[in-house]
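*Asks:* Below are the sequence and a predicted model; questions follow.
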Amino acid sequence: MKNLYVVAKYGRKWVRTRTMFATAAPQWNEKYTWDVFDVSTVITIAVFDDTNGESRHQRIGKVRIRLATLESDRVYTHYYRLLALRLSPPGLQATGELHLAARFTCKSWAKMLAMYAKPLLPKMHYTAAIFMQEQNHLMFQAMKMVALRLARADPPLQMEVAEYVLDVESYMFSLRRSKAHARRITTLLSDVVAVGKWFDDICRWKKPLKTILVHVVFLKLVCHPELILPTVFLCMTMIGAWNYRQRPREPSHIDTVLSRAELAYPDELREELDTLQPPHINAVLWWYTHLAYTDELDEEFDTFPTSKPADVVQARYDRLRGIAGTVQMVLGDLAGQGERVQSLFSWHDPRLTPVFTALSLVTAVILYLTPFRVVTLVTGLYFLLPPWFRSRTKLLLFNFVTRLPCKDDVMLYT
């Protein structure tokens, strides 16, 4: 029997259900509402256990729902599996199921669609961007401030609750997550490999009918180069319309195969769930402020195996984990950008994909009716505009892409 309670967080609003004591099948039947400030945001629901008055409440599982993947005015009722990584016994454990009903309502479609065109971050970020390492440090400090505020709430929430809900450990190094990010990049590149294989089959005449058709299209585009861009946008329209039948019908949830949670070795889990205690965590968060640590040269000329004491080796190892975590985040960002481009055609966002498909069709018609020289002239002059005539924010298409969902939402962190 467990003493279970649920914590839900969206934006600045945190809610906690009542604790169900000594039960293995709790039923809360509680309803909460939030005012959505941005469609490209996530609501997080986490379940905890405070059985036997333990100092640290045990994590049972977590559910993340991206609002952009929900259709308007539709009630989603779904059973979400609760998963957790454990050290004893080591591995992935299914800790239960959480039955949720979610509904996203919209009062103004025009305002909601206009939100997609806005930059995801403040304008100052595009003129004086904050470095990734500084972002990690600021997120850690913000987590501590939120945890202190929640500790004074009634009923109070412990710090591990804020850490788990806010994914504060997501920037720390994990060999399992690094393998998952590498797998995501490999999956993206597999599409390029498939196109190359298809082109090789065309060149080898393995399917003569397709090869003849490609020859006809190629000769047509060579004779009329102004049809190249309209053809590209028309193909994008056809891909988006074709994928409508395979669109997702339910909100996405944790993908254990993608997260490599079932294939993780016990030693990998022990390293991932290892804590990073002060003062070493401050060294990790601020390693970028120093051009060279005083012990970096000492480490470079150290013997193998090391001849340094245990505390020095521990500090070096913790710093190495922090640097590896930064590289891991870069891999995840690269994979996420490619997955967002794929989401333009896969209908993971039921609002943006039809808009993009319709815009592609309109663009194809405009490019077909407009002389190619005019299109080239307007495009070249636009990119060569002086800085004082340009907007400091990103292009409209870039704002669209950054707001699309990716597989970060289905990754299992800790």
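*Replies:* Received the coordinates, thanks.

*Asks:* Which helix or strand lies directly C-terminal to the helix or strand that contains Thr211?
*Replies:* Under the criterion of DSSP states H and E, Thr211 resides in helix 208-223. Remark: after helix 208-223, the chain's next helix or strand is helix 228-242, criterion DSSP H and E.

*Asks:* where are the low-confidence patches of the stretch 201-350 of the chain?
*Replies:* For the stretch 201-350 of the chain, applying pLDDT under 70 flags the ranges 275-295.

*Asks:* Dump the helix holding Thr211 to PDB, restricted to CA.
*Replies:* Taking Å, rounded to 0.1, in the frame of the first residue of the first chain, the C-alpha atoms of helix 208-223 are listed here in PDB:
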ATOM      1  CA  PRO A 208      12.500   0.700 -65.900                       C
ATOM      2  CA  LEU A 209       9.100   2.300 -65.700                       C
ATOM      3  CA  LYS A 210      10.100   4.600 -62.800                       C
ATOM      4  CA  THR A 211      13.400   5.400 -64.500                       C
ATOM      5  CA  ILE A 212      11.600   6.500 -67.700                       C
ATOM      6  CA  LEU A 213       9.300   8.600 -65.700                       C
ATOM      7  CA  VAL A 214      12.200  10.300 -63.900                       C
ATOM      8  CA  HIS A 215      13.800  11.000 -67.300                       C
ATOM      9  CA  VAL A 216      10.600  12.600 -68.500                       C
ATOM     10  CA  VAL A 217      10.300  14.800 -65.400                       C
ATOM     11  CA  PHE A 218      14.100  15.700 -65.600                       C
ATOM     12  CA  LEU A 219      13.900  16.700 -69.200                       C
ATOM     13  CA  LYS A 220      10.800  18.800 -68.600                       C
ATOM     14  CA  LEU A 221      12.400  20.700 -65.700                       C
ATOM     15  CA  VAL A 222      15.600  21.200 -67.800                       C
ATOM     16  CA  CYS A 223      13.600  22.700 -70.600                       C
END
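
*Asks:* can you list the residues that contact that helix?
*Replies:* Asp201, Ile202, Cys203, Trp205, Leu227, Ile228, Thr231 (Cβ atoms under 8 Å, 6 or more residues apart in numbering). (Each C-beta comes from the backbone N, C-alpha and C, glycine too.)

*Asks:* Mind giving me the PyMOL command for buried ones among these?
*Replies:* The buried subset of those, as determined by 16 or more other Cβ atoms under 10 Å, is captured in PyMOL by this line:
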select buried, resi 202+227+231
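
*Asks:* of all the contacts of helix 208-223, which comes closest to Thr41?
*Replies:* For the contacts of helix 208-223, the minimum distance to Thr41 (Cβ to Cβ) is 36.9 Å, reached by Thr231.

*Asks:* Distance check, the closest one against Leu87.
*Replies:* From Thr231 across to Leu87, the span is 56 Å (Cβ to Cβ, to the nearest Å).

*Asks:* what's the nearest residue to Glu339 if we skip its chain neighbours?
*Replies:* Cys406 (3.9 Å; Cβ to Cβ, 6 or more residues apart in numbering).

*Asks:* For the one you found, give its distance to Leu85.
*Replies:* 22 Å.

*Asks:* next one: Thr303
*Replies:* 36 Å.

*Asks:* thought Met266 was touching Gly91?
*Replies:* In this structure residue 266 is Pro, not Met. Yes: Pro266 is within contact range of Gly91, at 7.3 Å (criterion: Cβ atoms under 8 Å).

*Asks:* In terms of neighbours, single out the busier of Thr303 and Leu85.
*Replies:* Leu85 (21 against 7; other Cβ atoms under 10 Å).

*Asks:* Against Ala25, how distant is that one?
*Replies:* Leu85 is 23 Å from Ala25, by Cβ to Cβ.

*Asks:* cool, Arg316 as well?
*Replies:* In terms of Cβ to Cβ, Arg316 sits 48 Å off from Ala25.

*Asks:* What of Val312?
*Replies:* 51 Å.

*Asks:* May I see the buried residues of stretch 237-246?
*Replies:* Those buried within stretch 237-246 under the rule 16+ other Cβ under 10 Å are Thr237, Gly240, Asn243.

*Asks:* how about Tyr76, what does it touch?
*Replies:* Neighbouring residues of Tyr76 by Cβ under 8 Å, 6+ apart: Leu70, Leu100, Ala101, Ala102, Arg103, Glu250, Pro251.

*Asks:* and the first one, how many neighbours does it have?
*Replies:* Neighbourhood size, Leu70 [other Cβ under 10 Å]: 21.

*Asks:* Just the pLDDT for it.
*Replies:* The score at Leu70 is 91. That number is its pLDDT.

*Asks:* ditto for the third one
*Replies:* Ala101 carries a pLDDT value of 93.

*Asks:* How about the one 5 residues further on?
*Replies:* On the pLDDT scale, Cys106 is placed at 87.

*Asks:* What helix or strand is it located in?
*Replies:* Counting by DSSP H and E, Cys106 is part of no helix or strand.
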